[in-house]
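Visitor: Give me a 3D structure for the following:
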Amino acid sequence: MKTMKKVMMICGLLCGMVMLANAQGFGGRMGGSPEERVKRQTEQLVEKLKLNAEQTTKVTEIFKEQVAAQSKMREEFQGGNQGAAREKMTKLTTDAENKINALLTDAQKKEYKVLLEEQKASREKMMRERGGQGGGGPRQRN
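Guide: Next comes the predicted model:
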């Protein structure tokens, strides 16, 4: 009977660790490997904008270039000037958006603009929520 209790406790502990690992998002800060991010971003545009095969190929290449440049930049700015890094990252993103926009039809451009606005609103909401959890507010006393 004691052995069974030990086995059940170990199983419970392992399940808890797996759930905790999943909750922590073990896939990197941006949601996976660079290849996975490129694939996810491309698939999102294919779905939302109904890209044709040629557009899909070109968008994939744009995202690959962007992710590679961002990775290189992260290494360069490791522990350095965060403001300068943020500026350069923003420029990379804007450049990629402009390249993608140049590939799109007029109807797709309208949809892409809406998508970018939705993503911006989502990022701003996430930043506000993170900021609220940072412990900067008043503390309760017991």
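
Visitor: The lengthiest helix in the chain: how far from the chain's middle?
Guide: Longest helix of the chain, by residue count under DSSP state H: helix 106-132. Relative to its parent chain, helix 106-132 has a centroid offset of 12 Å by CA atoms, centre = their mean, to the nearest Å.

Visitor: same check, this time on stretch 45-63
Guide: Averaged C-alpha coordinates place stretch 45-63 at 18 Å from its chain's average position (CA atoms, centre = their mean).

Visitor: list the buried ones in that stretch?
Guide: Buried residues in stretch 45-63, defined by neighbour count with 16 or more other CB atoms under 10 Å: 45-46, 49, 51, 55-56, 59-60, 62-63. From N, CA and C alone the C-beta is placed, and that goes for glycine too.

Visitor: likewise stretch 79-89?
Guide: Buried residues in stretch 79-89, counting neighbours by 16+ other CB under 10 Å, are found at 85, 88-89.

Visitor: Looking at those, spot the one nearest Arg37.
Guide: Nearest to Arg37, judged by CB to CB, of those is Met89 at 13.9 Å.
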